[in-house]
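S.K.: next comes the sequence, and after it the predicted model I'd like to discuss.
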2 protein chains.
Amino acid sequence: MASSIHDLARHLNISIGTVSRALNGRADVNADTRQRVLAAAKQLNYSPNQSGRSLRQGATHSIAFMLQPHPDDQQYGEPFFIPFLTGLQARLAEYDLDLMVVMGEPGQYQQERLRRVVETRRADAVVLANTRREDDRIDYLSKAGFPFATLGRSQSGDDTYPSLDIDFERAGDEAVDRLVARGHRRIAAIRPSLDLNFGYLFLDGYRKALKRHGIEVDPGLIADGFINEAGGYQVTPRVMLSKDRPTAIIFNNDAMALGGCKALAEMGIRPGHDIAVIVIVDTPLCRYFSPALTAFRPSLEPMGRRLAEMLLASLPAFAGPEGTRIIREVWPLELIARDSD
Amino acid sequence: MASSIHDLARHLNISIGTVSRALNGRADVNADTRQRVLAAAKQLNYSPNQSGRSLRQGATHSIAFMLQPHPDDQQYGEPFFIPFLTGLQARLAEYDLDLMVVMGEPGQYQQERLRRVVETRRADAVVLANTRREDDRIDYLSKAGFPFATLGRSQSGDDTYPSLDIDFERAGDEAVDRLVARGHRRIAAIRPSLDLNFGYLFLDGYRKALKRHGIEVDPGLIADGFINEAGGYQVTPRVMLSKDRPTAIIFNNDAMALGGCKALAEMGIRPGHDIAVIVIVDTPLCRYFSPALTAFRPSLEPMGRRLAEMLLASLPAFAGPEGTRIIREVWPLELIARDSD
DNA sequence: CGTTTTTCCGTAAACGTTTACGACAACACA
DNA sequence: TGTGTTGTCGTAAACGTTTACGGAAAAACG
């Protein structure tokens, strides 16, 4: 049986109120008694019951991370999230906050899981990933007045929540830039068909760069597919059968790139030789693939830490002296040049 | 402001006791009142405050998953855990249990995190991963009488906790079998140097199979290294420089295999041609590597679900009519034959 | 009709904290 | 000596539940 604050108080012949104040560093407690309480706490191996303080304080001291699986994706964007989670949880731990991971089946069910977290107050705030362009989770949380932050932007909600995103627009732009500089003018773009916001941002950058280089955007070179290997495999031939064959492809997802390369191989087209391939976003798979795929890499672990900070800055309970701030950031990607372009 | 059980009771002109009983499906409540309570709960959008019930019931309704990073591994065994976590959390969700993920810095610090979870009762039970042969976390939890289950076996503790592991021994055995059948007799084994239990199991199987085939175990063909790519890169040349060069290598970790293949490439030795390579355990990287690596694959998601079931069966609060049972299982791996052997 | 049983519900305590409030002593000051 | 201030602590309420207990009414039984 674990020791409670009552045991501690009894052991010290002191009231539980004083014990609590001593433990919580309140000012109105004698320095000497504080020492005795601290010593006794260590000796009796006391630590405050979390449920008790949660109830009293109305705060659970835990943050929920919602990993919404794509309907297409069997792997939950696999390699992407672990480093991000690592960073997120590391920073949260510094503030004595726990990390709750909520997944769930693809589709509508996720909303149920989210409601449950919010309504039963299992977490003090929520971190959303896989943001859609129109994201009902964001609408719901905004309306409910529940604190949250997002990894990725969205068009839903006003800008009253912290968000951290990768600069997909710039990555699309830079990818085109790089390819044009290497003599390409027929550049295809393949992205997920879902409403994921980054797909739009990427295409914006792609178009902008083409325009800047005086290259007309050919709709036949733009294709959408399932956000998985099969999707890339399925949709890549479509752009390759375009009248005027592309000499380069930018994939807006690593799994799709892998599937696309498989399709290319079957057509006898070798990435790095017969066609240039660039991937947004890099994962370990890109590095070990043959040929190693040139890709844009995010700093996932620092991003996790940063989003934690941004979320905390928006929570009154954690906001510094400057008060509650809503921060929104867009981070650049780093180009990792490999053998595929 | 969220509605409490008091609001509900006031709204219905009924006592909170009755409301609670109605909501919790207790028998001693009129069918009619129960309907009214349920309807009102839906209408007022009531759901019970989690902290409140936790405090009263002495149960948090959440399970902590401890992901202890290897000191060597920058990636937290990256691809391995997401599918496992997916299965684990899916099954837990069916029982209305939350999943808390606890990571932490490598080494001793993890113990602190574990103590915190246990002592502040932030979770009802713990799931351990990356079990060591001698695992002080297991000792601690056993001594504290805190419920837990492990992914992976250990020599620590008695067998009074549920555990689910992969049959590394059999995989090592089968790998040797396969290689011998293909004419190999000089077979190297490379495994992590840490105290991870699976490294021992693997080597047992490896030795047993060699003995069965009448092949003498050559210590020069067995090497340990850091459990990461650099470790494989570093240690592979050592076995290759053995007097009588091996014609096959079994890697007991995917990252080490990748590093090992890099070393082999630099020595002009091509896996699949000049040497046979088999990996335990398979990850997506093995599949996309060139040549694609033959590997033993676990069923991670089902394993996650299964371990959840086993843990729950050991918890009095969830145990079925048959009572609290400690279950220990060892699951086989499936050989995925590719191009490297 | 009296007695026993059953059905249903209200009361109140308890879980372990935190914190507003007030009390008391000690001390300073006039 | 009286008044005000400061430092320290105890008391008790509150957070939102669940549940043991008892009681009243209704039903069943003789």
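M.R.: Structure received. Numbers count the residues shown, from 1 in each chain, chains lettered A, B, ... in the order given.

S.K.: and the helix or strand A:Ala188 falls within, what does it pack onto?
M.R.: Element membership of A:Ala188 [criterion: DSSP states H and E] is strand A:187-192. Applying 3 or more Cβ pairs under 8 Å, 6 or more residues apart in numbering or on different chains; DSSP states H and E, we find strand A:187-192 packed against helix A:168-181, helix A:197-212, strand A:222-225, helix A:229-240, strand A:248-251, helix A:254-266. C-betas here are computed from N, CA, C, even on glycine.

S.K.: need the winner for burial among those.
M.R.: Among these, judged by mean count of other Cβ atoms under 10 Å in any protein chain shown, the one packed with the most neighbours on average is strand A:248-251 (a mean of 29).

S.K.: which other helices and strands does that strand contact?
M.R.: In this structure, strand A:248-251 packs against helix A:168-181, strand A:187-192, helix A:229-240, helix A:254-266, strand A:276-280, with contacts taken as 3+ Cβ pairs under 8 Å, 6+ apart.

S.K.: quick one: the fourth one to strand A:276-280, angle?
M.R.: Right, the one you point to is helix A:254-266. Following axes from the mean of the first three to the mean of the last three Cα atoms, to 10 degrees, one obtains 160 degrees for the angle between helix A:254-266 and strand A:276-280.

S.K.: re the thing from before, note down every partner strand of the strand holding A:Ala188 and its orientation.
M.R.: According to DSSP bridges, strand A:187-192 has the following sheet partners: strand A:222-225 (parallel), strand A:248-251 (parallel).

S.K.: export these to JSON lines and append columns for mean pLDDT and distance to B:Arg306.
M.R.: Conversion of those to JSON lines gives the following (pLDDT from 0 to 100; distance: least, Cβ to Cβ, whole Å):
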{"stretch": "strand A:222-225", "mean pLDDT": "96", "distance to B:Arg306": "34"}
{"stretch": "strand A:248-251", "mean pLDDT": "98", "distance to B:Arg306": "36"}
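
S.K.: ok and the strand holding A:Ala188 relative to helix A:197-212, angle-wise?
M.R.: 170 degrees.

S.K.: list the contacts of strand A:187-192.
M.R.: Identification of contacts with strand A:187-192 by Cβ atoms under 8 Å, 6 or more residues apart in numbering or on different chains yields A:70, A:72, A:172, A:176, A:179-180, A:199, A:202-203, A:206, A:210, A:215, A:221-227, A:231-232, A:235-236, A:239-240, A:242, A:246-253, A:256, A:260.

S.K.: that older thread, and the strands paired with strand A:187-192: which comes nearest B:Ala308?
M.R.: When those are ranked by proximity to B:Ala308, the top entry is strand A:222-225, at 33.8 Å, counting by Cβ to Cβ.

S.K.: burial count for A:Arg113?
M.R.: Applying other Cβ atoms under 10 Å in any protein chain shown, we find 18 residues neighbouring A:Arg113.

S.K.: next one: the one 3 residues further on
M.R.: Burial of A:Arg116, expressed as a neighbour count using other Cβ under 10 Å, amounts to 18.

S.K.: which elements pack onto the strand or helix carrying it?
M.R.: A:Arg116 is part of helix A:109-119, with elements assigned from DSSP H and E. Counting by 3+ Cβ pairs under 8 Å, 6+ apart, the packing neighbours recorded for helix A:109-119 are strand A:62-66, strand A:98-102, strand A:125-128, helix A:136-144.

S.K.: make a markdown table out of the ones you listed and add mean pLDDT, mean neighbour count and distance to DNA strand D.
M.R.: Formatted as a markdown table, these follow (pLDDT from 0 to 100; neighbours: other Cβ atoms under 10 Å in any protein chain shown; distance: least, Cβ to the nearest atom of the strand, whole Å):
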| stretch | mean pLDDT | mean neighbour count | distance to DNA strand D |
| --- | --- | --- | --- |
| strand A:62-66 | 96 | 24 | 17 |
| strand A:98-102 | 94 | 23 | 19 |
| strand A:125-128 | 96 | 26 | 18 |
| helix A:136-144 | 94 | 17 | 16 |
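
S.K.: between these, which gets nearest to B:Ile82?
M.R.: Evaluated with Cβ to Cβ, those place strand A:98-102 nearest to B:Ile82, the distance being 10.3 Å.

S.K.: what's next to that closest one, contact-wise?
M.R.: A:61-67, A:85, A:88-89, A:92-93, A:113-114, A:117, A:122-123, B:62, B:85, B:89, B:98-102, B:122.

S.K.: by how many degrees do that strand and strand B:98-102 diverge?
M.R.: Using the same axes, to 10 degrees, strand A:98-102 lies at 130 degrees relative to strand B:98-102.

S.K.: and strand A:98-102 with helix A:109-119, angle?
M.R.: Here strand A:98-102 runs at 150 degrees with respect to helix A:109-119, directions being taken by the same axes, to 10 degrees.

S.K.: only C-alpha atoms, please: export strand A:98-102 in CSV.
M.R.: Only the C-alpha atoms of strand A:98-102 are listed here, as CSV (Å, rounded to 0.1, in the frame of the first residue of the first chain):
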residue,chain,number,x,y,z
ASP,A,98,2.6,12.5,-19.5
LEU,A,99,2.1,11.6,-23.1
MET,A,100,-1.0,9.7,-24.1
VAL,A,101,-1.1,8.2,-27.5
VAL,A,102,-4.5,7.8,-29.2
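
S.K.: centre of the chain to it, how far?
M.R.: Remark: strand A:98-102 is offset 14 Å from the chain centroid, using Cα atoms, centre = their mean, to the nearest Å.

S.K.: cool, and stretch A:111-122?
M.R.: Mean C-alpha position of stretch A:111-122 versus that of the full chain (Cα atoms, centre = their mean) differs by 20 Å.

S.K.: buried stuff in it?
M.R.: Counting neighbours by 16 or more other Cβ atoms under 10 Å in any protein chain shown, one finds that the buried residues in stretch A:111-122 are A:113-114, A:116-122.

S.K.: for that stretch, the averaged confidence score.
M.R.: Model confidence over stretch A:111-122, given as mean pLDDT, is 92.

S.K.: does that stretch reach DNA strand D?
M.R.: No: between stretch A:111-122 and DNA strand D, judged by Cβ under 7 Å from any atom of the strand, nothing touches; the nearest distance is 8.2 Å.

S.K.: quick one: residues in contact with that stretch.
M.R.: Stretch A:111-122 has contacts (Cβ under 8 Å, 6+ apart) with A:58, A:60, A:62, A:64, A:66, A:100, A:102-104, A:123, A:126, A:136-137, A:140-141, A:144, A:146, B:2, B:45, B:47-51, B:62, B:93, B:98.

S.K.: A:Thr86 contacts B:Met103, doesn't it?
M.R.: Yes: with contact taken as Cβ atoms under 8 Å, A:Thr86 and B:Met103 are classed as touching, separated by 5.9 Å.

S.K.: the helix holding A:Arg116 vs helix A:136-144, what angle?
M.R.: Angle of helix A:109-119 versus helix A:136-144, following the same axes, to 10 degrees, is 20 degrees.

S.K.: and helix A:109-119, how far from the chain's centre?
M.R.: On the basis of Cα atoms, centre = their mean, helix A:109-119 sits 19 Å off its chain's mean C-alpha point.

S.K.: can I get the CA coordinates of it in CSV?
M.R.: Provided in CSV are the C-alpha atoms of helix A:109-119 (Å, rounded to 0.1, in the frame of the first residue of the first chain):
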residue,chain,number,x,y,z
TYR,A,109,-14.0,6.6,-35.5
GLN,A,110,-11.1,8.9,-34.6
GLN,A,111,-13.6,11.6,-33.9
GLU,A,112,-15.2,9.4,-31.3
ARG,A,113,-11.8,8.8,-29.7
LEU,A,114,-11.1,12.5,-29.6
ARG,A,115,-14.5,13.3,-28.1
ARG,A,116,-13.9,10.7,-25.4
VAL,A,117,-10.5,12.3,-24.5
VAL,A,118,-12.1,15.8,-24.4
GLU,A,119,-15.3,15.0,-22.6
